[in-house]
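# let's see this in three dimensions:
(chains A, B, C and D)
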Amino acid sequence: MAGSGKAHLRDGSLLRVEDLVVEFPAGPGRKVHAVSGISLDVVEGETLGLVGESGCGKSTTGKAIMQMPRPTSGTVAFEGEALTSLKGEALRQTRPTMQMIFQDPISSLNPRRKVGDIIGEPLRVWGRGDADEREKKVREVLEAVGIDPDAAMPRRPHQFSGGQCQRISIARALMLDPRVIICDEPVSALDVSVQAQILNLLEDMKARYGLTLIFIAHDLAVVKNVSDRVAVMYLGKVCEVGPPDTLYEEPAHHYTAALLSAIPVPDPEAERLDAGGIGGELPSPLDPPSGCRFRTRCPEAQERCAAEEPLMREVGVNHFVACHFPRIGGTAPPDASVPVTVSQH
Amino acid sequence: MDDAHEGPVLEVTDLETNFKTPAGLVRAVDGVSLSLERGKTIGIVGESGSGKSVLSRSIMGLLPSGNVVRKGSVRYQGQEIGELTPNQLRDFWGPEMAMIFQDPMTSLNPVMKIGNQITESIRYHLDQSKSESRETALALLQSVRIPEPTKRLNEYPHQLSGGMRQRVCIAVALACGPRLLIADEPTTALDVTVQSQILDLLQGQQEARFMAMILVTHDLGVVAGRTDEIAVMYAGQIVERAPTKVLFSKMKMPYTEALLKSIPKIENPSHTRLLAISGRPPSLVSPPSGCRFEPRCLYAQDRCREEMPPLMLAETPGHEYRCWFPVGTPEGKAALEKNLREKETPVGVDTSALVNG
Amino acid sequence: MAEQTHPTSTASLQTREDGGLLADAPPEVLDIQPGLADGTGPTGSVKVEKSKGKRLGVMGWLALGWMVLVLLMAVVPTLFPIPALEERSRDAIVSGNFGPQSGHWLGVDGSGYDMASKVVHGARASMTVAVGGITFALLIGGFLGLISGYFRGKVDTVIVGAFNVMLAMPALILALTLATVFATGDNVSYARRVFIVMLAIGIVSIPIIGRIARANTLAWAEREFVLASRLLGTKTPRIIWREVLPNVAPAMFSIALLGVGVAIVAEGGLALLGVGVPASITSPSWGNLIATLRSQLFLGRPWGVFAPSVAIFLTILSLNYLGDVVRARFDVRESVL
Amino acid sequence: MKMVLKRVGQLVVVLFLVTALTALLFSLLPGDLAEVSIPFGSDEQREALREDLGLKEPVFVQYGRWMGNFVQGDFGSFYRQGNVTSVVDRVKSTAPVSLQLMLYAQVLALALAIPLGILTARRAGSAVDKGTNTTAYALLALPNFVLALVLAYIVGVELEWVPPQGYVRLTQNVGDHLKTMVLPTVSLAVGQVAIYMRLLRTDLVATLQQDFILMAKSKGITERRVLWRHALRPSSLTLLTAAGLNVGTLIGGALILEIIFNLDGMGRLIFESISERQVVAIQSLVAIVAIAYVLVNFLVDLLYAVLDPRIRRG
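Residues are numbered from 1 along each chain as shown, chains lettered A, B, ... in the order given. Predicted coordinates:
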């Protein structure tokens, strides 16, 4: 892959994802390998940034963590309790602890309901408080996200701008006092000036409500800005995990390096590091390459990359990479115990 | 058009483009002027609703007829575009000006072979035979670096990835050798690695063909290294225009500065507080009578609300801006300091973030 | 295919640049952010919202007026100044003038019975059958469509299969079969015949309304607010009831309005085939009037057919118009068949 | 190929369910079938008929026998007082009438609707557009039997241009054939024109707002070419689906019109069989109609794949 392995997982994490696999049927005998055995963890109070280009499986990962849809295999454990083994009502009971925010702020809100109803719905679903207490909580949270409750509650979502709708979505996610919020490209649909407002708001809410965040995005600069730890994904696998400052300063994976060099810098004097970019096309997730999934586009690919899947290993402080020949940290030791994954097709 | 024409390829003067809507007249483009020489690239930067896409379509003459009111002048090699009949305009499109659109997923006809989509304008404008046009199309696909071009000619758009489709769109636009290429957010819908490939390709073609190019985008990063000049648009107006390097080093317009500061930067450490611009762009139906950025501006004073600043010339040649209290000048500094002292601007934009940041 | 289209276009606003903004921009909305009480201003711009197409308009009021009139005919025919059903006009037969005349605004039929009276009294049977049948179809078809579109998978396969089987038999032939099997024979009461015709019309409308409901549910259930509701731990029936149904209902309601029109035609068709609401002097329906009086047309006495035909025409026209108003008001796309 | 196989499978299932349902429905019919079919026959005749129809056996056995015969091309018989006629023969004589009627109507409808749809979409909002739309709107509210009766009265009875009722075979006299077919065809086609035209107009207007149309325009090719080469094909898909699904409506309409205009077609035949409770015949006729319906929609799917390359693969 960009590869498997769990060397980067820590003890005492709040949320722990192991060997997560999500596959979708795609006609007779074929399936989309959207997520192929990734492992991640988040410790309390941390923001994990999940970054990658479209089709890398980052959003699918976010939804699979929420068990929506349920992963094909692998475990997701919240405080040691495996969500993946819970069913029906038992799973439903865990819902308030984890919430999600989506990319399209307009699609996220029911156009037929009033904002006050939308925000109050979580409390009604769980039968929390009486009408007065519920209204008090709705007002408190709306104010926290910077929306005037009196003006907003009787109105419907189409009367608000995209940025305001995203604030309302954040308010709804906060209503049940969740421990973890998964943000799935929350600012991709917004203009740059509004994007900064929402990013700042997320930071404020995280501090105010003691949240743990998983922040999924394709914009490396945005991810770096909000994260304490960043995981880079490529074609259903994690290639590199590390603290943002070191990972961006000294990327170990060739894919991360290529991504970083492709970002347009708003400075005409900046030297454009022409790392050659990455050529070629993203391989089909129906039939991913054997061994390391990035090898078909990697400038340093060798025979070993096709035969053997690289495992996560530490190449710097808290900095992990799944690559046989990374840019830092030296060649991976040979590991005969790793079975050769050859594509079935 | 003859090559003998002297002066800029494109001259836009006081262009206005308004849309009649049930809510009132939407002033999408309001008094824009710019000019562009052969072989040069101008970047037009703005957020959604700033009028940048309407501007580019208005220059092309590609707006729907019914509800549009257009004023001012667009001269292409000295010829006034507004005076052309629809038939004459059609002869311009392709050999003289061409356009690339934002979303390669929707800008190619899904039920037509790629080859035919490229050859149709070649055959129409350049009068080439079927086999000749096919050769030309093949060469075009090669020049935009599409692998296996012969095979691609007979494929449909859905068989290609987004990046490949945008390459095809570029090939279509270049087919008749235009002198002016308008790229309207050509990479917004693409992934970052593909984006850099497409931008490199556009730049390469622009240089090789000595075309004039307008690069429309919302991303200052996209235009920073690839343009000769940048025009920043806000609420239908150009608020600052300067040679690229000058703009970044000596920006005068508070909006440009705010835009640049609100973007997270890759070299900043994580959890750097962003300087968000509060509020959102004004209504284009009833824009503020003074400076249009005043309701969101940290430098704003009473004068800004009362009087719309004209485009003023800066000391550097070719640098214009629209501000009474420009960034980096004594007046600007005084205005900002006054607002910082009072913790808010005259309309109540909170300035404390700037102090903390 | 066409069924997958999203029901509204609001999402495109965020991604499309100015073109999209100008094509379908929302009203310049109130700004509710702190520190920006002024700016774009909450006043004035909000009111602009109701655009022309969304108001009822003159045509809409006319359509609504006609439908109210028809409902009055159906419920309290005695309100109307018309001769009794059994009353025959000797004058008309003697003079040979069957067209509109004083006392007989819509003319008389070949036997001298007043057509206005027949049309007014016929409304009850026609509307009972049409409105009742469509209501039945709306309940059953709507339920099946919602279930099918929301759960997908096997449930969907089975329900869609059932719809397709029902559609493979032309609706009129299926209705004819049902009406023949259950409502013919010597000792079948009038009420039972009306009920069976109503049911037959309802049953053949189930797959049509069901498909609309399903297609709309498919599109709406994909929306992220539905996912968000599931993630909040909302139970499925509540999600369907509170989140999906309110969005699917306008499409179902507008198709139901059209459906009532189609049902009125179907009642006429069944009457022509002899299995509609049974005809007699005292139990007219618009359909059976046309069916029984059509032979007079070929004898040069067309008013017996014309009067109920005009009533049917105006009713369907009004229903179609009101259906469109609903559609425009709730932004229902015409993508689904 | 896979698609064809899948379709054939669906066809078989649909046919089985439709005919089984019909069989079940008619088994619920009160009274003795033999009694109903030959009310004035002798007891022996009725006994023979019961034997012949297998009325003493359970429904599914009767159904199985019918199915066995049907696939061999034996559609059963009509049982009437004193005579037995083969359903196959009646189908052979009546099917052409109905097919002609539906074909003429469909061709006429499309021939009018496509140009009108294009015209109104191109000039969306113009007086022509509004006028055409209003007319179409009114025509949608006109049931085909009302139109048929009005036309028969005005054109047939008052003006005497064409016979108001009756049918002449194409092989007998082409002119007379067309004269007898013109009123039913127009009555059946008018509503369809309105539906098709509005569908095509809506789709075309939507397509003309797509990015790829803007792109095509920016190439500087003629407006004509943009309309015909770029816009029409992607816009015709809904129309095509509608035309396929509409076959059901068309069959129902043809049935009514055959009765009003006294044409001896399949619709009349079905009507007679149902009112005379000719169970075997009904099952065969319903099966034939269902086959036709499913086949037409299969053809529509094939055409769909021709028009839209995105559907072609896999």
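# which helices and strands does the helix or strand C:Ala291 falls within pack with?
Taking DSSP states H and E as the criterion, the element that holds C:Ala291 is helix C:286-297. Counting contacts by 3 or more CB pairs under 8 Å, 6 or more residues apart in numbering or on different chains; DSSP states H and E, helix C:286-297 packs against helix C:115-151, helix C:245-272, helix C:303-329, helix D:144-151. No exception for glycine: its C-beta is placed from N, CA and C like everyone else's.
# between the second one and helix C:286-297, how big is the angle?
With axes from the mean of the first three to the mean of the last three CA atoms, to 10 degrees as the basis, helix C:245-272 and helix C:286-297 are set at 30 degrees to each other.
# same deal with the first one?
On the basis of the same axes, to 10 degrees, helix C:115-151 is oriented at 130 degrees to helix C:286-297.
# angle of helix C:115-151 against helix C:303-329?
Using the same axes, to 10 degrees: helix C:115-151 against helix C:303-329 is 30 degrees.
# one step back: wait, which of the helices and strands packed on helix C:286-297 is closest to B:Ala28?
Each of the helices and strands packed on helix C:286-297 has some distance to B:Ala28 by CB to CB; the shortest is helix C:303-329, at 25.7 Å.
# and that closest one, what does it pack onto?
The contact analysis (3+ CB pairs under 8 Å, 6+ apart) places helix C:303-329 against helix C:57-75, helix C:115-151, helix C:245-272, helix C:286-297, helix D:127-140, helix D:144-151.
# on that earlier part again, can you point out the buried residues in the helix holding C:Ala291?
Judged by neighbour count (16 or more other CB atoms under 10 Å in any protein chain shown), helix C:286-297 contains these buried residues: C:Trp286, C:Gly287, C:Asn288, C:Leu289, C:Ile290, C:Ala291, C:Thr292, C:Leu293, C:Arg294, C:Gln296, C:Leu297.
# ok, the fourth one to C:Trp303 distance?
Think C:Leu289. Here the criterion is CB to CB, to the nearest Å. By it, C:Leu289 lies 11 Å from C:Trp303.
# and what of the third one?
C:Asn288 sits 16 Å away from C:Trp303 when distances are taken as CB to CB.
# with the last one instead?
Here the distance between C:Leu297 and C:Trp303 works out to 9 Å (CB to CB).
# kindly report the same for B:Pro288.
According to CB to CB, B:Pro288 and C:Trp303 sit 68 Å apart.
# again with C:Gly141
C:Gly141 is 38 Å from C:Trp303, by CB to CB.
# can I take it that A:Leu50 is in a helix?
No - under the criterion used here (DSSP: H, G, I helix; E, B strand; the rest coil), A:Leu50 is strand, not part of a helix.
# who touches it in this structure?
A:Leu40, A:Lys58, A:Thr61, A:Gly62, A:Ile214, A:Phe215, A:Ile216, A:Ala217, A:Val223, A:Val230, A:Ala231, A:Met233 (CB atoms under 8 Å, 6 or more residues apart in numbering or on different chains).
# domains for chain D, by residue range?
Following automatic domain parsing, one gets these domains for chain D: D:1-74+D:277-314, D:91-276.
# and the first one, does that touch chain C?
Yes - in terms of CB under 8 Å from any CB of the partner chain, part of domain D:1-74+D:277-314 sits within range of chain C, namely D:10, D:13-15, D:17-18, D:21-22, D:25-26, D:28-31, D:277, D:282, D:286, D:289-290, D:293-294, D:304.
# for the closest residue to D:Gly76 other than its chain neighbours, give its distance to chain C.
Excluding its sequence neighbours, the residue lying closest to D:Gly76 (CB to CB, 6 or more residues apart in numbering or on different chains) is D:Val280, at 3.5 Å. Between D:Val280 and chain C the computed distance is 14 Å (CB to the nearest CB, to the nearest Å).
# how about the longest helix along chain B: buried residues?
For chain B, the helix reaching the highest residue count under DSSP state H is reported as helix B:192-209. With burial defined by 16+ other CB under 10 Å, the residues of helix B:192-209 counted as buried are B:192-199, B:201-203, B:205-206, B:209.
# chain B versus the residue of the stretch 151-300 of chain C found nearest chain A, what's the distance?
With CB to the nearest CB, the shortest gap between the stretch 151-300 of chain C and chain A falls at C:Gly233, namely 3.3 Å. C:Gly233 sits 32 Å away from chain B, going by CB to the nearest CB.
# next, the contact list for the residue of the stretch 1-150 of chain B found nearest chain A, please.
In the stretch 1-150 of chain B, no residue comes nearer to chain A than B:Glu47, which is 4.3 Å away by CB to the nearest CB. By CB under 8 Å, 6+ apart, the contact set of B:Glu47 is A:Asp191, A:Val192, A:Ser193, B:His218, B:Tyr234, B:Leu259, B:Pro281.
# which of these fall in helices?
Using DSSP H, the members of those that fall in helices are A:Val192, A:Ser193, B:Leu259.
# next, count neighbours for the nearest residue to B:Lys40 once chain neighbours are set aside.
In space, not counting the residues next to it along the chain, B:Lys40 is nearest to B:Asp228; the distance is 4.7 Å by CB to CB, 6+ apart. For B:Asp228, the count of nearby residues is 16 (other CB atoms under 10 Å in any protein chain shown).
# phi first, then psi, for the closest residue to chain D within chain A.
The minimum distance from chain A to chain D, using CB to the nearest CB, falls at A:Gly27 (5.8 Å). For A:Gly27, the backbone dihedrals are phi 80, psi 170 (criterion: degrees, to the nearest 10).
# count the neighbours of whichever residue of the stretch 201-345 of chain A sits closest to chain C for me.
For the stretch 201-345 of chain A, the residue positioned closest to chain C under CB to the nearest CB is A:Leu201, at a distance of 11.0 Å. Other residues within reach of A:Leu201 by the criterion other CB under 10 Å amount to 19.
# and for B:Gly72?
B:Gly72: 17 neighbours (other CB under 10 Å).
# now it: which helix or strand?
Short version: B:Gly72 belongs to strand B:68-76, going by DSSP H and E.
# picking up where we left off before, let me have the helices and strands packed on helix C:286-297 in TSV, extended by mean pLDDT, distance to A:Ser85 and mean neighbour count.
Output for the helices and strands packed on helix C:286-297, formatted as TSV (pLDDT from 0 to 100; distance: least, CB to CB, whole Å; neighbours: other CB atoms under 10 Å in any protein chain shown):
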stretch	mean pLDDT	distance to A:Ser85	mean neighbour count
helix C:115-151	95	23	23
helix C:245-272	92	33	24
helix C:303-329	91	47	22
helix D:144-151	91	62	23
